[in-house]
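Colleague: predicted structure and sequence below. I'll ask about it afterward.
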Amino acid sequence: MPRWRALPDELDPQVREFVEQLRRVVDRTGLSVAAVADRTGYSKTSWERYLSGRLLAPKGAIVALAEVTGTPPIHLTTMWELAERAWSRSQTRHDRTMEAVQIAQARAALGEFGPPPLATRETPETREGATGRVAATSGTAGPAGGSPTTPSAPAAAAGSRAALFLVGVVGVVIVVVGAFFLTEGGDPKQAVGTARSPSPSAGSPAVLPSGVLCVGSGCTGRDAEEMGCSGELVATAKTATVGTTLVEVRYSRTCGAAWGRITQAAQGDEVGVTVGSVRQTGSITVAGDTIAYTPMVAVRDAAEARACAVLASGQQGCTG
């Protein structure tokens, strides 16, 4: 049975070449994915995603892999830069496709309104009443000294159709925008152009670096590596030792978020991070894994976060 599964057919050729090179580097060392995770500081789950082409590895992971395998980092980082550009282009194409789908849905929804209802059949009685009402409310001045003139019946019907159409358009726009926010997890109070990025917290950069997909409250509950908040953008803010296990508060100022991590741990060990009343947890569920980390929690400062470890042996401890 081959060690690696086939890469997705839709993977960009540049990204495919990069992932295949990563696989060759790992194969040359004879290390398991769990061993690579243990030595690089990135989780086994993350390396499985990197090596299967489901997620582009951050630059920090590539540098760490080069160090532990004795591979010249310049070669891997050059390939990573090319793959990162290709990955960004693929994401842009995906976004444009989604926009096209939304436009098509909006047009289809507009078509569902159909033609406006036909005007009530005119009779002498209704014509006389309508003429009086129109003359009283919307008549226009006729020639000097003459009586006001009234719009013709076709013009009035056209005005009714235009009003109905405008009402329909407004309704469809509201429905489409509402659906967009529900599916994308956006805040209806934000402008449409910024719905994909949460409002940054105080001190966060107004423009996010390439590859960073969240900031502040938008990062809470999300995976740091998937959101581009790890690698070169993260630092250890606090540490503590529980038995032989190291527990850390990991903090990314760029993303305005913190998370907990344990290393040199074992199956059944758990790590949690708390910021105020918000708590996120992670644990080691697979034998052989030694690293676990929590989802992120939004913070304004790393001092707000506290990480704790609860080991399978019953030992517990927290950062200061």
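Modeller: It's in.
Colleague: neighbours of residue 270, just the number please.
Modeller: 20 (other Cβ atoms under 10 Å). For every residue, glycine as well, the C-beta is placed using N, CA and C.
Colleague: any idea how far residue 61 is from residue 261?
Modeller: According to Cβ to Cβ, to the nearest Å, residue 261 and residue 61 sit 14 Å apart.
Colleague: do the same with residue 47
Modeller: Per Cβ to Cβ, residue 47 is found 8 Å from residue 61.
Colleague: any common contacting residues for those two?
Modeller: Residues touching both residue 47 and residue 61 (Cβ atoms under 8 Å, 6 or more residues apart in numbering) are residue 40.
Colleague: what residues go with each domain of this protein?
Modeller: Here the domain parsing of the chain from automatic domain parsing is 13-91, 155-196, 216-318.
Colleague: so which helix or strand takes in residue 221?
Modeller: For residue 221, there is no enclosing helix or strand under DSSP states H and E.
Colleague: residue numbering should commence at 54 henceforth.
Modeller: Let's use 54 as the start, then, which means that last one is residue 274.
Colleague: quick check, it in contact with residue 333.
Modeller: Yes. Using Cβ atoms under 8 Å, residue 274 is in contact with residue 333, at 6.8 Å.
Colleague: looking at these two, which is more packed in?
Modeller: Between residue 274 and residue 333, counted using other Cβ under 10 Å, the more crowded position is residue 333 (20 against 14).
Colleague: element containing the more buried one, please.
Modeller: Element membership for residue 333, per DSSP H and E: strand 331-336.
Colleague: re earlier: of residue 314 and residue 114, which one has the most company?
Modeller: For the pair residue 314 and residue 114, the greater number of neighbours falls to residue 314 (26 against 23), based on other Cβ under 10 Å.
Colleague: which ones are touching that one?
Modeller: Residue 314 touches 300, 301, 303, 324, 344, 345, 346, 347, 360, counting by Cβ under 8 Å, 6+ apart.
Colleague: nearest spatial neighbour of it, chain-adjacent residues omitted?
Modeller: Nearest residue to residue 314, sequence neighbours excluded (Cβ to Cβ, 6 or more residues apart in numbering): residue 346, at 4.1 Å.
Colleague: ok, now residue 118?
Modeller: Closest residue to residue 118 apart from its sequence neighbours, by Cβ to Cβ, 6+ apart: residue 93 at 5.7 Å.
Colleague: distance check, the one you found against residue 273.
Modeller: Distance from residue 93 to residue 273, by Cβ to Cβ: 26 Å.
Colleague: my read: the residue nearest to residue 314 touches residue 97, true?
Modeller: No. If you go by Cβ under 8 Å, residue 346 and residue 97 don't touch, sitting 11.5 Å apart.
Colleague: ok, those two, which is more surrounded?
Modeller: Between residue 346 and residue 97, residue 346 has the larger neighbour count (other Cβ under 10 Å), namely 26 against 21.
Colleague: by mean pLDDT, point me to the weakest helix or strand of the chain.
Modeller: The least trusted helix or strand in the chain, going by mean pLDDT, DSSP states H and E, turns out to be helix 177-191, with a mean of 49.
Colleague: ok so residue 77 is a helix residue?
Modeller: Yes. Residue 77 forms part of a helix when assessed by DSSP: H, G, I helix; E, B strand; the rest coil.
Colleague: what about it, neighbour count?
Modeller: As a burial measure, residue 77 scores 10 neighbours (other Cβ under 10 Å).
Colleague: distance of it relative to residue 115?
Modeller: Distance, residue 77 to residue 115, using Cβ to Cβ: 14 Å.
Colleague: overlap of the contact sets of residue 274 and residue 333?
Modeller: 348, 349.
Colleague: coming back round to it: looking at the contacts of residue 314, which is nearest residue 85?
Modeller: Lowest distance from residue 85 to the contacts of residue 314 (Cβ to Cβ) belongs to residue 344, with 13.8 Å.
Colleague: hmm, residue 96 and that closest one touching each other?
Modeller: Yes. If you go by Cβ under 8 Å, residue 344 and residue 96 touch, sitting 5.2 Å apart.
Colleague: of the contacts of residue 314, the lowest pLDDT goes to which?
Modeller: Within those, residue 344 has the lowest pLDDT, namely 84.
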